[in-house]
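Engineer: I need the structure of the sequence given here:
(one chain, ligands or ions: 3)
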Amino acid sequence: MKNVVFVLGAPGSGKGTQCEKIVHNYGYVHLSAGDLLREERAKPNSKHGELIEDYIRNGKIVPVEITCSLLKDAMEKSGREHFLIDGFPRSDDNLRGWNRAMSNEVNLQFVLYFECPEDVCVGRCLKRGSAGSGRSDDNMESLKKRFKTYVNDTMPIIDHYQSLNLLRKIDANRDADEVFSDVKVVFEAAK
Ligand SMILES: Nc1ncnc2c1ncn2[C@@H]1O[C@H](COP(=O)(O)OP(=O)(O)O)[C@@H](O)[C@H]1O
Ligand SMILES: Nc1ccn([C@@H]2O[C@H](COP(=O)(O)OP(=O)(O)O)[C@@H](O)[C@H]2O)c(=O)n1
Ligand SMILES: [Mg+2]
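Structural biologist: Numbers count the residues shown, from 1 in each chain. Ligands and ions are numbered 1, 2, ... in the order given. This next block holds a predicted model:
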């Protein structure tokens, strides 16, 4: 049986940064839904490249059929058993699509949630943009849309996992190493 930890939090809350540290310490495979979508977009023969670019630039959530099949393929290709799924599920469509396709073959261990104020997150993303992230959505116009999507579509998913007692909330408004010391406590408890 495959094991999964979902990693959620606002854009810029530090999901990718903390996932890297978890990979080093706990041997999970890190799958970022956003990275997989950006990779798919970059393929010259991609069926969905233009759609993905439009959704990303406008901070909208790409239809789950696309995202879930990228995740499923990456999981199968890895041949591994423990996965950090970063930035997913981010909407009701994501959650329902995942449950339809995957819930029978995957055990959800818990959901890591990085809590961080919006102004701090926006500042981090703008800094990432001006440092040359090359991302078409690390600009103020896209960020406004991304945060609207986060509040309207993703917060209800976070509440859903809270009500199932699966949410592990971390204060992400600190130095990355301090954040990781709390992350470690969660992973040690899950061993
Ligand atoms: N705890 C932190 N304090 C300050 N900056 C951070 C912290 N964690 C990540 N960053 C920086 O903020 C930006 C967003 O981090 P990232 O891990 O990509 O977040 P997310 O995947 O949630 O968007 C990156 O440029 C990263 O280097
Ligand atoms: N489950 C997901 C995750 C990302 N995405 C898209 O990819 C964009 C970037 O996601 P990301 O996870 O890389 O962004 P960050 O939260 O890491 O800054 C999102 O704003 C969405 O447009 C999606 O459609 N569905
Ligand atoms: Mg990220």
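Engineer: Indicate the residue of the chain located nearest to ligand 3.
Structural biologist: G16 (3.7 Å; Cβ to the ion). From N, CA and C alone the C-beta is placed, and that goes for glycine too.
Engineer: Taking the chain, what residue is nearest to ligand 2?
Structural biologist: Here the residue of the chain nearest ligand 2 is G34; by Cβ to the nearest ligand atom that distance is 1.9 Å.
Engineer: SS state for that residue?
Structural biologist: Of the three states, G34 takes helix under DSSP: H, G, I helix; E, B strand; the rest coil.
Engineer: my guess is it contacts R90, does it?
Structural biologist: No - counting by Cβ atoms under 8 Å, G34 stays clear of R90, with 9.4 Å between them.
Engineer: Compare the two and say which is more crowded by neighbours.
Structural biologist: Using other Cβ atoms under 10 Å, the more surrounded residue of G34 and R90 is R90, with 22 against 19.
Engineer: Do I have it right that the more buried one meets P156?
Structural biologist: No - using Cβ under 8 Å, R90 makes no contact with P156, being 10.3 Å away.
Engineer: Distance of the residue of the chain closest to ligand 3 relative to N107?
Structural biologist: Counting by Cβ to Cβ, to the nearest Å, the gap from G16 to N107 is 24 Å.
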